[in-house]
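Peer 1: Sequence isn't available, so here's the structure alone:
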């Protein structure tokens, strides 16, 4: 018995369906990312209702993200130049951000509170630092991109947050009680340089790192947590620096 002959043009339709599949997947991914972004923004605002004095700088950061993106074509050259001078790669800028409510939960579990001094290395526009202030801690961040700092530093200052331009691998961290780093976004060479910088911290300094722990002698894992970020769920490691006796 002969196989039924497909109608004219059917073979072409099947190939088009195959070509449309990656496009549909890309659209679905974009929709899910947008949904997560809106959901995290809503939760952030609800958390800030408890500390309304932090709402204005938070909204200022949000506006700056739209008005001063470093990824627009006219700014790409400057971004590339800065990264090359610091020895870092462009991949270290393309990740999402840590929602405020996630940072508050993480910092609480890491023991952040009044009297703590939190430093965010690679702070972006300082959203994580708002979580430190929410808990009553001192907050300081260092960021490589001038645009990030210039667009929000003035709005963060009244909230008690210091955000400066600088290379995290050369930042002075001796006064920190807690150091936050989005370890996801860093290349191997940058991580190695940061670990050497972290060894200058005082014994007992705690580190909150995303996705991977700090690998090296003296960095002891206290706990791990599964948390929501703007790109999805990630594991976060809370570690403490305990240098071995000489």
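Peer 2: Now that the structure is in, tell me what you want to look at. Note that the structure is a prediction, hence the values are computed from the model and not measured.
Peer 1: And the residue nearest the centre of the chain, what's its pLDDT?
Peer 2: Centrality entry for the chain: nearest residue to the mean C-alpha point is residue 97, 3.8 Å, by Cα atoms, centre = their mean. Per-residue confidence at residue 97 stands at 79 (pLDDT).
Peer 1: Equivalent analysis for the one 3 residues further on, please.
Peer 2: Residue 100 is assigned a pLDDT of 95 by the prediction.
Peer 1: still on that earlier bit, the residue nearest to the centre of the chain contacts residue 230, doesn't it?
Peer 2: Yes - if you go by Cβ atoms under 8 Å, residue 97 and residue 230 touch, sitting 5.3 Å apart. Every C-beta, even on glycine, is put in place using the N, C-alpha and C of the backbone.
Peer 1: Kindly provide the distance from the residue nearest to residue 221 when sequence neighbours are not counted to residue 216.
Peer 2: On the basis of Cβ to Cβ, 6 or more residues apart in numbering, the spatially nearest residue to residue 221 that is not a chain neighbour turns out to be residue 239, at 5.3 Å. Summarising the geometry, the distance separating residue 239 from residue 216, computed by Cβ to Cβ, to the nearest Å, is 10 Å.
Peer 1: now swap in residue 151 and tell me
Peer 2: 35 Å.
Peer 1: Also residue 51?
Peer 2: Separation of residue 51 from residue 216 (Cβ to Cβ) stands at 36 Å.
Peer 1: ditto for residue 182
Peer 2: In this structure, residue 182 and residue 216 are separated by 18 Å, where distance is defined by Cβ to Cβ.
Peer 1: Which stretches in the chain count as strands?
Peer 2: Along the chain, the segments classed as strands by DSSP state E run 117-121, 138-143, 161-165, 178-181, 206-210, 219-229, 232-241.
Peer 1: can you put those in a markdown table and add mean pLDDT?
Peer 2: Below are those laid out as a markdown table (pLDDT from 0 to 100):
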| stretch | mean pLDDT |
| --- | --- |
| strand 117-121 | 97 |
| strand 138-143 | 96 |
| strand 161-165 | 96 |
| strand 178-181 | 96 |
| strand 206-210 | 96 |
| strand 219-229 | 95 |
| strand 232-241 | 94 |
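Peer 1: Pick out the least confidently modelled helix or strand of the chain, by mean pLDDT.
Peer 2: The helix or strand of the chain with the lowest confidence, counting by mean pLDDT, DSSP states H and E, is helix 73-86 at a mean of 49.
Peer 1: Could you count how many residues lie near residue 198?
Peer 2: Other residues lying near residue 198 total 22 when counted by other Cβ atoms under 10 Å.
Peer 1: Could you do residue 212 as well?
Peer 2: 13.
Peer 1: And the one 5 residues further on, by the same measure?
Peer 2: By the measure other Cβ under 10 Å, the count of residues near residue 217 is 9.
Peer 1: what's the nearest residue to it if we skip its chain neighbours?
Peer 2: For residue 217, ignoring the flanking residues on the chain, the nearest one in space by Cβ to Cβ, 6+ apart is residue 244 at 6.0 Å.
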